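Trainee: sequence and predicted structure are below.
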Amino acid sequence: MANQDVIHAYRHLYRGLLEAVCYAPRARRVIQTQIRRAFRRPGSELDADAVKRTMWFLKAAARECGLEHRVLKNLIRVATHREFHGRLGIRGWRKVLISKSMSAR
């Protein structure tokens, strides 16, 4: 693919993601790091059909608070936890669940 196609795909996906998360600041940061990683991964190729399907999903998520919106919200929440707990040195969900159950007592 041409470099211009990659730039257009990045911009369309980023705008679609911003609309789908309603420009929330925390979600913005997470989606920005996720999409940057995906587009900067060495040896990766752009799949136009995948971009098109993703845009359909994002438009549906932005349109109403239905299933698509909840799925995207949970994906962002998981990415946030992974990033935050990775910085703290906590590995895996098991330790997060254990720490939450200990604090609930």
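Mentor: Everything's here; your move. Quantities reported herein were computed from a predicted structural model and do not represent experimental measurements. Residues are numbered from 1 along each chain as shown.
Trainee: shouldn't residue 16 be in contact with residue 68?
Mentor: No. Judged on CB atoms under 8 Å, residue 16 makes no contact with residue 68 at a distance of 11.4 Å. The C-beta positions use only the backbone N, C-alpha and C, and glycine is treated the same way.
Trainee: by residue count, which helix of this protein is the longest?
Mentor: helix 67-88 (DSSP state H).
Trainee: that older thread, now do the shared contacts for residue 16 and residue 68.
Mentor: Residues touching both residue 16 and residue 68 by CB atoms under 8 Å, 6 or more residues apart in numbering: residue 58.
Trainee: what's stretch 44-62 in contact with?
Mentor: With CB under 8 Å, 6+ apart as the test, stretch 44-62 has contacts from 1, 5-6, 9, 12-13, 16-17, 19-20, 22, 38, 66, 68-69, 71-72.
Trainee: now, of the residues you listed, which are buried?
Mentor: Buried by 16 or more other CB atoms under 10 Å: 9, 13, 16, 17, 20, 68, 69, 72, out of those.
Trainee: quick one: the second one from residue 45, how far?
Mentor: For residue 13, the distance to residue 45 (CB to CB, to the nearest Å) stands at 15 Å.
Trainee: do the same with the third one
Mentor: In this structure, residue 16 and residue 45 are separated by 20 Å, where distance is defined by CB to CB.
Trainee: the longest helix of the chain: which residues count as buried?
Mentor: Per 16+ other CB under 10 Å, helix 67-88 contains these buried residues: 68, 69, 72, 73, 76, 85.
Trainee: okay, the first one: pLDDT?
Mentor: Going back to what we said before, that points to residue 68. Residue 68 is assigned 92 on the pLDDT scale.
Trainee: so residue 7, which of the three states?
Mentor: On the three-state scheme (DSSP: H, G, I helix; E, B strand; the rest coil), residue 7 is labelled helix.
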